[in-house]
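*Asks:* Quick one, structure for this:
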Amino acid sequence: MFGELKGRFEPTYSKYSLVPIRGKYVKLKDTSGRRRLINREDCLGLVLVWSRTRGSLAFLQFLFGLSRTGIEVYLRFGKGCW
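*Replies:* Down below sits the predicted model:
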């Protein structure tokens, strides 16, 4: 099931910017620039763990090893990929 979800999640994750510009996610024009902190599997896992636990961000920080800001950015982006 995770593989099927990953297949639906991956096209959006790889084609759009991580941070919205004027409230809209924009398509990436090229692949140059800074690498993302987590890959698509981790971002999908973050959204799934958040949706099942609704726990605090401190728990997600501990689990994924990101700062609070990183968790918030990837969580917002991951939820928007659906």
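
*Asks:* where does the residue nearest to L66 when sequence neighbours are not counted land in three-state SS?
*Replies:* What sits nearest to L66 in space, not counting adjacent residues and going by Cβ to Cβ, 6 or more residues apart in numbering, is L37, at 6.4 Å. C-betas here are computed from N, CA, C, even on glycine. With DSSP: H, G, I helix; E, B strand; the rest coil as the basis, L37 sits in coil.

*Asks:* so who does L37 touch?
*Replies:* Listed by Cβ atoms under 8 Å, 6 or more residues apart in numbering, the contact partners of L37 are 66, 70, 74.

*Asks:* If you rank those by neighbours, which is first?
*Replies:* Sorting the contacts of L37 by how many neighbours each has (other Cβ atoms under 10 Å) puts Y74 first, at 22 neighbours.

*Asks:* if you skip the residues just before and after it, what's nearest to it?
*Replies:* Per Cβ to Cβ, 6+ apart, closest to Y74 is C43, 5.4 Å.

*Asks:* Quick check: phi and psi on that neighbour?
*Replies:* Phi and psi for C43, reported as degrees, to the nearest 10, are phi -70, psi -40.

*Asks:* how much space between T53 and R34?
*Replies:* The gap separating T53 from R34 is 29 Å, by Cβ to Cβ, to the nearest Å.

*Asks:* oh, I was asking about P11
*Replies:* 21 Å.

*Asks:* Next: S67.
*Replies:* 15 Å.

*Asks:* the more surrounded of those two?
*Replies:* Neighbour comparison, S67 and R34: the larger count goes to S67, with 11 against 6 (by other Cβ under 10 Å).
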